[in-house]
Each structure stands twice: as C-alpha cells, then as structure tokens.
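Asker: What follows is a predicted structure for the sequence shown.
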Amino acid sequence: MNRKLRMGMVGGGPEAFIGDVHRKAAVLDGGVELVAGCFSQTPQKSKQMAAPLYLDEASCYGSYKEMVEKESALPDGERIDFVSIVTPNNSHFPIATAFLEAGFHVVLDKPMTSSVEEALALRDTVKQSGKVFALTHNYTGYPMVKLARDVVKRGTIGKVLKVIVQYPQGWLIRPIERDGVKQAVWRTDPKFSGAAGCMGDLGTHAANLAEYVTGLRIAEICADLGTVVEGRKLDDDGNCLIHFDNGARGLLFASQVCIGELNALRISVHGTEGGLRWRQEYPSDLHVFAEDGTIKTYRYGTAAIGEISEAAVAATRLLFGHPEAFFEAFANIYKNATDTMRAAIEGREPTELELDFPDVDDGVRGMRFIEAVVESNGQWVQIPTA
C-alpha cells in the first residue's frame, strides 16, 4: 500500500480539546492524513474548520449522515479509510454504527456508548462488519505501561494479590458548567455523559489500566459515589472496592474535586514476589519492588526495557532523556490501529504488536464497569467477564 490512510473526523470543532489531540496524534507518524469531517452539529461551524485544517469546504460536512452518504459514494482511494469519532458519549453509538455499516474502519473516544445494551449492539456490528475498531484508552499507549504489563506477564512479581489504581483531578471543584465551560457542561449532564460523571470519564480509564497491566478482569465491585458540588446531576467523586477474577482485591478511586491534583492517574500492583508502580505525571519511570526492600527503576528508552517488552520498545519514539507522553500515547493507539487497517486493506493478518490497542471488547468492559458502579453504590455487584 503506497499511500497514506485517509482519515475523517466527527466532532472536534471550535473550542474542542480532545479532537485536536486526536488530529495531531493520528498524523504523528506520517501515515495518515485528515481529509474530511463533520466537526460540529452546526453546519456553519463545521465549514469554519476548513481553513484552519487546510481542507476543502466541500469535505466539511453539515452532519455525520451526510458525511457517510457522500464519502460512501466516492471511489476507493478518494473516500476516507476510517473515521475518528470525538463527540460526547450519547452520540457515539449511532455515529459509529453508521460508519461501520457503511464499510469504514472506526476509532472511537471512550467511554464507548451510553449503556451496556448499546455496547453489546455495537460489538455485534463490529464483528458483522469485519472492520477495525479501536477505542482510545490512550494510557495503554505509554511505553512504560506496556513494560508494566509485560513485567506482570513474565511472573516477575508473582501472583497478583492487590491492585491500587486512582485517577484524581480537581478541575470541577466549582460548578463551572453553570458558567458555560464547554468541557464541563457535557461531562456533568446525564443527557450527554450517560449514567456516570466522574466514574464514566476517569473511572473507566482507571479500570481499563488495571485490567491491561494485570491481565485480569474485574469480577465484582462495591462502589461509593458522591456528588460534592451541590446541584450537580452526576457523580464528581467515587471510591470502589474491587475483586479480580484470580481472587486479587483492589481499590479504585476517581475524583474531579481533589484540589491540587491535575491528571494524577497512578497504579500500584502487588504480588507474591514483588510489586510495581507507575504514575502518569511521571511517565518515564516504572518502579519494580522486591521483597528484600530493593527498588529497580526502569527508565524510558533504555536498553534494559528491550529484554522484557517488545511492545514497550515499539511504543518508544525518542532517545532516553527526551520525555514523551500524552500525544505520543494517543499516537501509539492510532499507529497500531491504522497498521491493522493497512493489514486488512492489504489482505494480510496483522501482527500481535499491531493488534495491541483497545478494541470493542474493552469498550463493553468499560460500559459494564460504569453500569456496575452506578448499580452498586454500597453493595457488591458482579461484572460479567464477556
């Protein structure tokens, strides 16, 4: 295949944050170009994105339905190969379904849908379509997270006994949604966000990270959700006791009202032979603990990593000493997903490394997590493993 993959986008218009992150990450490796999009529910605002993105106005559609119809009518090589969907949660299901049924690969921001029922229906659509589907749980794209996963997989820390994962922020300590702050408005409104607020936005990342690193599945959960800001419709703070399918126990908390915390995703995993710790705000280091009290620190980009994790090496972009983080983690998700799309277009089987990205099954797991958290709130609720 001797051309770039042609990318379309739904969402990510004026004032959007995450859409711009996706656009920059997707093209970072040079194998993707943005050629079309429906960037806003307002056709005029969608057209306004043509100039800053150097697109033809005719490729800036007024609705996602128009985009599906007109892109489908174009010949191969001129229409988009895949779409990136970066809209609020409530619109994920219909948009992703429409593009999959029209024969396009899909990259979707998390959480996948607004309900488990939608998630299961979307999973069926993905399997029936045969198209590549990637979910942007971007933290799995960090090299040292991949190293942590492979440290656990190699048995270095023994059988996993305890997992502590947390994702505190402080930006919603005030009711800024009432001031019209766009990023706050939809995240605190159940019409757009779904049944959970903080737990849907941050808790799903924490749960996905715990399952990715340990290779285990959360089997039971007992949650305590809270709304600190008076009058807010969804949770902005929550704590969970969790049981994993191997008998390990864990703690998971997520909050948007912890003053002083910015983007403090952290995970500690403790086993019968040792433990490990990784912190998103210090992404270049992975600490591995031994029973005798010694600590081995693996540093990003060093040769020692290659002895443990081929995936961590593949996700590394710079020489050690040159930090990389959020954009590059997103880019690693896009690279593996688009390499898998190339494999499909070329008629070959993708490699294990290419397939290392969150998929529709991870999306179902995320929605089951949200449903269980909301249902539980003080009692144990089992989470199906499939």
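Answerer: Yep, that arrived. Numbering: from 1, shown residues only.
Asker: pLDDT score for the residue of the chain most remote from its centre?
Answerer: Centroid-distance maximum for the chain: residue 292 at 36.1 Å, with C-alpha atoms, centre = their mean. For residue 292, the pLDDT comes out at 95.
Asker: quick one: which helix or strand includes it?
Answerer: For residue 292, there is no host helix or strand (DSSP states H and E).
Asker: go on, residue 277?
Answerer: Here residue 277 is assigned to strand 274-279, by DSSP H and E.
Asker: Tell me which helix or strand comes right after that strand.
Answerer: Using DSSP H and E, the helix or strand that follows strand 274-279 in sequence is strand 285-290.
Asker: Could you tell me the angle between that following strand and strand 274-279?
Answerer: Here the directions of strand 285-290 and strand 274-279 differ by 160 degrees (axes from the mean of the first three to the mean of the last three C-alpha atoms, to 10 degrees).
Asker: buried set for strand 285-290?
Answerer: Buried residues in strand 285-290, defined by neighbour count with 16 or more other C-beta atoms under 10 Å: 286-289. (Each C-beta comes from the backbone N, C-alpha and C, glycine too.)
Asker: With stretch 379-386 instead?
Answerer: Those would be 381, 383, for stretch 379-386 by 16+ other C-beta under 10 Å.
Asker: where's stretch 161-172 relative to the chain centroid, distance-wise?
Answerer: Relative to the chain's own centre, stretch 161-172 is displaced by 16 Å; criterion: C-alpha atoms, centre = their mean, to the nearest Å.
Asker: Average pLDDT for it, rounded please.
Answerer: 98.
Asker: again, but for stretch 78-88
Answerer: Stretch 78-88 shows a mean pLDDT of 97.
Asker: Quick one: end-to-end length of that stretch, please.
Answerer: With C-alpha to C-alpha, to the nearest Å applied, stretch 78-88 spans 28 Å between its terminal residues.
Asker: With stretch 345-364 instead?
Answerer: Termini of stretch 345-364 sit 26 Å apart (C-alpha to C-alpha).
Asker: residues of the lengthiest helix in the chain that come out buried?
Answerer: Of all segments of type helix in the chain, defined using DSSP state H, the longest is helix 326-346. If you call a residue buried by 16+ other C-beta under 10 Å, then helix 326-346 has these buried ones: 326-343.
Asker: Can you give the contact residues for the host helix or strand of residue 204?
Answerer: Following DSSP H and E, one finds residue 204 within helix 204-214. By C-beta atoms under 8 Å, 6 or more residues apart in numbering, the surrounding residues in contact with helix 204-214 are 110-111, 137, 139-140, 145, 148-149, 152, 160, 163, 165-167, 216-218, 242, 244, 248, 250, 252-254, 265, 267, 269, 278, 358, 362, 365-366, 369-370.
Asker: name the helices or strands packed onto the longest helix of the chain?
Answerer: In terms of contacts (3 or more C-beta pairs under 8 Å, 6 or more residues apart in numbering; DSSP states H and E), helix 326-346 is packed against strand 5-11, helix 18-26, strand 105-108, strand 133-135.
Asker: try it again with 10 Å
Answerer: strand 5-11, helix 18-26, strand 32-38, strand 82-86, strand 105-108, strand 133-135, helix 143-153, helix 310-314 (3 or more C-beta pairs under 10 Å, 6 or more residues apart in numbering; DSSP states H and E).
Asker: buried sites along stretch 350-359?
Answerer: For stretch 350-359, by 16+ other C-beta under 10 Å, it's 350, 354, 356-359.
Asker: meant to ask about stretch 84-95
Answerer: Buried, per 16+ other C-beta under 10 Å, within stretch 84-95: 84-93, 95.
Asker: I figured residue 230 was touching residue 175, is that so?
Answerer: Yes - taking C-beta atoms under 10 Å as the definition, residue 230 is a contact partner of residue 175 at 8.0 Å.
Asker: Compare those two and say which is more crowded by neighbours.
Answerer: Neighbours were counted for residue 230 and for residue 175 using other C-beta atoms under 10 Å; residue 175 has more, 15 against 6.
Asker: which residues of the stretch 1-150 of the chain score low on pLDDT?
Answerer: Counting by pLDDT under 70, the stretch 1-150 of the chain contains no low-confidence range.
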